[in-house]
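Novice: following is a predicted model, sequence given first.
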2 protein chains.
Amino acid sequence: MDVQAYLAERSRLVDAALERALPRADAAPAVLHAAMRHLVFPGGKRLRPALAFAAAEAVGAPPERALPVAAAVELIHTYSLIHDDLPCMDDDEERRGRPTVHVAYGEAMAVLAGDALLALAFEVLAEAGASEPARVLGALRALAEAAGSRQLVGGQADDLHFEGARADLASDVRAGAEAVEAVHRRKTAALFGAALVGGACLAGADAAALRRLAAFGARVGVAFQIADDLLDRDRDEGCSLVALIGEAAARARAERLLGEALEALEPFGAPAEPLRELARFAVWRDR
Amino acid sequence: MDVQAYLAERSRLVDAALERALPRADAAPAVLHAAMRHLVFPGGKRLRPALAFAAAEAVGAPPERALPVAAAVELIHTYSLIHDDLPCMDDDEERRGRPTVHVAYGEAMAVLAGDALLALAFEVLAEAGASEPARVLGALRALAEAAGSRQLVGGQADDLHFEGARADLASDVRAGAEAVEAVHRRKTAALFGAALVGGACLAGADAAALRRLAAFGARVGVAFQIADDLLDRDRDEGCSLVALIGEAAARARAERLLGEALEALEPFGAPAEPLRELARFAVWRDR
């Protein structure tokens, strides 16, 4: 399976849904709608939507079944990037080679664009509910939990406070590594898990399948973040396992998490092949 | 009917639900959870939750049926206040006689607390879905739309840009009044409408009843905002009908909207009495 081709094909699916969901850039208020679109298009690899599609396939459904979750999870991911980039947070001026939203549209509009993208994620899901409302509510619940104060937002709050705690953590490597992974679990892996669980939920998966997908997502998400830290030249700043235990140990940890993740998929058999390839891609990237 | 007693009683209902929904202030990450609670408790009049409860009553259901919408709408309202108060928005240091969230917890935590309250609103609704998922999705859709870029967030975006347009608007009073009311409709009335429609939706209301409640909410919301402007000593700043057409004309406009709102309730008969009283209270307040 060619994972790059898979990602490109699934990107087209979710991009079309995002194009339909987002108000046009000239619809009033035009500045807000242009700001909302700034980071959504052209976007990144659309990895989270791909996980939602592949989860539906893993439980024997056509990928399109997961489309509302694929769009919603990308909207949530994009909102979180816009707010993380704000001057009062990570204060980043560039993302994906372009000015961040607050640089391009001002800080107030960046806050509002993020807010509106988060609300839109739930609107997209709510509008998908006509034929299978219970499934949609299950997916929506997974996404809302993952976006909330115990997961995504909580992870960002802990990440902001991480600098202050680094000296303490460096003196106890085991506790430090656990603290780093806890941030990764909440800030990254929870949304991976929600994409998977949400996508499978819309496809009618049973509780056992959802549990396996959640376990898979938790591990792939942390391994993905470790892989990110391995690629990052600024790894001495902020919350990074590489800075704490070194490159070789971090790589070994990511490999182990990937192995556990793939194990969780065993009962799914062949239909989970796209999921397996996505997991390898997420952890290995340009290898 | 004693509207103050009604508000106090319904406040107790929604406060208990909010207390259950919000993580404890000492649950990790504690700073985030304390920041989320800062403006929720003790809170204001809980007018939006009261509208949700009264809408359920108007269609013949017990008020408790609307509880998830009552809690969700208050969470959305609170998040919007926290973000509106930010230095990059209205830059307010005090609200309800206490420091705003960014003054008490810092700007980053105020952005995150708002984000998490918005996600929590949808989580609360999604968790209420077990027995009547289609009704819950209908309510959720109304709230997500009202919170989105065409309504609440769009109204705030226009409000921020209002100063720049004031000179133009003052030269054409009719267009100016329409522009002010358009902001009020989006920033205030849409969420009133969603509280009503969502509450009635959970109570099993039919489409005709929902349309009447939406019409009622749109008018009461704008009239409420005009009443707010009439009480406000800073009315020469920002988006205010009073500044544009004067006190007497603004009061007459609010009265007319209230009359139209009450007309929309006629078919509901006696069960809509709490709604009528809430509308009069919203527009007349301390009279």
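Specialist: On my side now, so go ahead. Numbering: from 1, shown residues only, chains lettered A, B, ... in the order given.
Novice: for chain A, which segments are assigned as strands?
Specialist: A:94-95, A:98-99 (DSSP state E).
Novice: please name the strands paired to the first one in the sheet, noting orientation.
Specialist: So the one you mean is strand A:94-95. strand A:98-99 (antiparallel) (DSSP bridges).
Novice: give me the buried positions along stretch A:88-95.
Specialist: Residues A:88-90, A:95 are the ones in stretch A:88-95 that count as buried (16 or more other Cβ atoms under 10 Å in any protein chain shown). Every residue, glycine included, has its C-beta placed from N, CA and C.
Novice: export the strands of chain A to CSV and tack on mean pLDDT?
Specialist: Listed next are the strands of chain A as CSV, based on pLDDT from 0 to 100:
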stretch, mean pLDDT
strand A:94-95, 96
strand A:98-99, 97
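Novice: ramachandran angles for residue A:92?
Specialist: The phi/psi pair for residue A:92 (degrees, to the nearest 10) reads phi -100, psi 140.
Novice: now do the same contact list for it.
Specialist: By Cβ atoms under 8 Å, 6 or more residues apart in numbering or on different chains, the residues touching residue A:92 are A:84-85, A:100.
Novice: recalculate using a threshold of 6 Å.
Specialist: Applying Cβ atoms under 6 Å, 6 or more residues apart in numbering or on different chains, one finds that residue A:92 lies in contact with A:85, A:100.
Novice: residue A:88 too?
Specialist: Neighbouring residues of residue A:88 by Cβ under 6 Å, 6+ apart: B:107-108.
Novice: now residue A:143
Specialist: Counting by Cβ under 6 Å, 6+ apart, residue A:143 has contacts A:72, A:194, A:198.
Novice: return the set of buried residues in stretch A:21-41.
Specialist: Buried-residue list, stretch A:21-41, by 16+ other Cβ under 10 Å: A:21-23, A:28-29, A:31-40.
Novice: and chain B, which of the residues you listed contact it?
Specialist: Checked against chain B using Cβ under 6 Å from any Cβ of the partner chain, the buried residues of stretch A:21-41 give the following subset in range: A:29, A:32.
Novice: out of the buried residues of stretch A:21-41, what pair is the most spread apart?
Specialist: The span of the buried residues of stretch A:21-41, defined through Cβ to Cβ, is set by A:28 and A:39 at 20.7 Å.
Novice: can you pull out the low-pLDDT segments for the stretch 1-150 of chain A?
Specialist: Regions of the stretch 1-150 of chain A meeting the criterion pLDDT under 70 are absent.
Novice: let's see that with 90 instead.
Specialist: A:1, A:129-131 (pLDDT under 90).
Novice: list, one by one, the residues from it near chain B.
Specialist: Residues of the stretch 1-150 of chain A lying near chain B (Cβ under 6 Å from any Cβ): A:29, A:32, A:83, A:88-89, A:107-108, A:111-112, A:115-116, A:118-120, A:122-123, A:126, A:129, A:133-134, A:137, A:140-141, A:144-145, A:147-149.
Novice: try 7 Å
Specialist: A:23, A:29, A:31-33, A:36, A:83, A:86, A:88-89, A:107-109, A:111-112, A:115-116, A:118-120, A:122-123, A:126-127, A:129, A:133-134, A:136-137, A:140-141, A:144-145, A:147-150 (Cβ under 7 Å from any Cβ of the partner chain).
Novice: I'd say residue A:79 and residue A:118 touch.
Specialist: Yes. Between residue A:79 and residue A:118 there is a contact under Cβ atoms under 7 Å: 4.6 Å.
Novice: these two - which one has more neighbours?
Specialist: residue A:118 (30 against 27; other Cβ atoms under 10 Å in any protein chain shown).
Novice: what does the lengthiest helix in chain A contact?
Specialist: Looking across chain A with DSSP state H, the single longest helix is helix A:207-231. The contact list for helix A:207-231 (Cβ atoms under 7 Å, 6 or more residues apart in numbering or on different chains) reads A:55, A:59, A:181, A:184-185, A:188-189, A:192-193, A:196-197, A:200-201, A:235, A:240-242, A:247, A:250-251, A:253-254, A:257-258, A:260-261, A:264-265, A:267, A:279, A:282-283, A:285.
Novice: and if you look at stretch A:174-190?
Specialist: Taking Cβ under 7 Å, 6+ apart as the rule, stretch A:174-190 contacts A:146, A:151-152, A:154-156, A:158-159, A:162, A:169-170, A:217-218, A:221-222, A:224-225, A:239-241, A:244-245.
Novice: ranges for the helices of the stretch 151-287 of chain A?
Specialist: A:152-160, A:162-171, A:173-184, A:190-202, A:207-231, A:241-245, A:247-264, A:273-284 (DSSP state H, counting those that start in this stretch).
Novice: tell me which of those lies nearest to residue A:12.
Specialist: Nearest of the helices of the stretch 151-287 of chain A (Cβ to Cβ): helix A:273-284, 15.3 Å.
Novice: and the closest one, what does it pack against?
Specialist: helix A:3-21, helix A:47-58, helix A:207-231, helix A:247-264 (3 or more Cβ pairs under 7 Å, 6 or more residues apart in numbering or on different chains; DSSP states H and E).
Novice: which parts of it are buried?
Specialist: Applying 16+ other Cβ under 10 Å to helix A:273-284 flags A:273-283 as buried.
Novice: may I have stretch A:197-206 exported as CSV, CA atoms only?
Specialist: C-alpha atoms of stretch A:197-206 as CSV (Å, rounded to 0.1, in the frame of the first residue of the first chain):
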residue,chain,number,x,y,z
VAL,A,197,-13.2,6.2,17.7
GLY,A,198,-15.5,8.8,16.1
GLY,A,199,-14.9,7.4,12.6
ALA,A,200,-15.6,3.9,13.7
CYS,A,201,-18.6,5.0,15.7
LEU,A,202,-20.2,6.5,12.6
ALA,A,203,-19.4,3.2,10.8
GLY,A,204,-21.4,1.3,13.5
ALA,A,205,-18.4,-0.4,15.3
ASP,A,206,-19.0,-2.3,18.5
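Novice: does chain B sit close to it?
Specialist: No. Shown here: stretch A:197-206 not in contact with chain B (Cβ under 7 Å from any Cβ), separated by at least 11.1 Å.
Novice: need the residues that contact that stretch.
Specialist: By Cβ under 7 Å, 6+ apart, stretch A:197-206 touches A:52-53, A:55-56, A:58-59, A:61, A:65-66, A:68-70, A:73, A:135-136, A:138-139, A:142-143, A:209-210, A:213-214.
Novice: stretch A:228-242 spans what distance, first to last residue?
Specialist: With Cα to Cα, to the nearest Å applied, stretch A:228-242 spans 10 Å between its terminal residues.
Novice: follow-up on the earlier one: quick one, which of the residues of the stretch 1-150 of chain A next to chain B are buried?
Specialist: A:23, A:29, A:31-33, A:36, A:83, A:86, A:88-89, A:107-109, A:111-112, A:115-116, A:118-120, A:122-123, A:126-127, A:129, A:133-134, A:136-137, A:140-141, A:144-145, A:147-150.
Novice: out of the residues you listed, which sit inside helices?
Specialist: Per DSSP H, the subset of these in helices is A:31-33, A:36, A:83, A:107-109, A:111-112, A:115-116, A:118-120, A:122-123, A:126-127, A:133-134, A:136-137, A:140-141, A:144-145, A:147.
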